[in-house]
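Enquirer: here are the coordinates; sequence isn't available:
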């Protein structure tokens, strides 16, 4: 199917906002690897142990997969490419691995506060909504 159907303006607006959201996540991911002593001083005490003790490699891989795929998926939406659907699916896989380890297999959940849970709820909710948006865009012919 070709993308002969013009996407509505709201689709473009949502895609741009979603890209900005994912760029914030990507920035946080990149910044996590380059924390200076001054920046580490600003990290909440409850989270410092994870940066200092280190977390498993798959935590960082899942985090990277989630934010890189989310960002790429938004770019693909803006370019009207149906690959966005697959890429958003990969982002959700990354989020699920990241959250499963964080909440079930580490003691990270013990140090989390309400805001941390709210943020993670929004992360997964937005990722799922973006997947549904890309599927709708494919169905409507807005992306091909």
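Expert: Perfect, I can see it now. Fair warning: this is a prediction, and the values are worked out from it, not measured in the lab.
Enquirer: after the lowest-mean-pLDDT helix or strand in the chain comes which helix or strand?
Expert: Among the helical and strand segments of the chain, the one scoring lowest on mean pLDDT, DSSP states H and E is helix 45-53, with a mean of 67. Downstream of helix 45-53, the next assigned helix or strand under DSSP states H and E is helix 57-78.
Enquirer: list the buried residues of the longest helix belonging to the chain.
Expert: In the chain, with assignment by DSSP state H, the single longest helix is helix 114-140. Judged by neighbour count (16 or more other C-beta atoms under 10 Å), helix 114-140 contains these buried residues: 116, 120, 123, 126-127, 130-131, 133-135, 137-138. Backbone N, C-alpha and C define where each C-beta goes, glycine included.
Enquirer: ok, now stretch 69-80?
Expert: 69-78, 80.
Enquirer: chain center to it, what's the gap?
Expert: Here stretch 69-80 is found 12 Å from its chain centre; the criterion is C-alpha atoms, centre = their mean, to the nearest Å.
Enquirer: cool, and stretch 56-75?
Expert: 7 Å.
Enquirer: ok, residues contacting it?
Expert: 15, 18-19, 22-23, 25-26, 28-29, 32, 84, 87-88, 90-95, 97-98, 101-102, 123, 127, 130, 134 (C-beta atoms under 8 Å, 6 or more residues apart in numbering).
Enquirer: so which elements touch the longest helix of the chain?
Expert: helix 9-32, helix 57-78, helix 83-100 (3 or more C-beta pairs under 8 Å, 6 or more residues apart in numbering; DSSP states H and E).
Enquirer: save those as JSON lines, and put in mean pLDDT and distance to residue 106 too.
Expert: Converted to JSON lines, the helices and strands packed on helix 114-140 look like this (pLDDT from 0 to 100; distance: least, C-beta to C-beta, whole Å):
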{"stretch": "helix 9-32", "mean pLDDT": "96", "distance to residue 106": "16"}
{"stretch": "helix 57-78", "mean pLDDT": "96", "distance to residue 106": "8"}
{"stretch": "helix 83-100", "mean pLDDT": "96", "distance to residue 106": "10"}
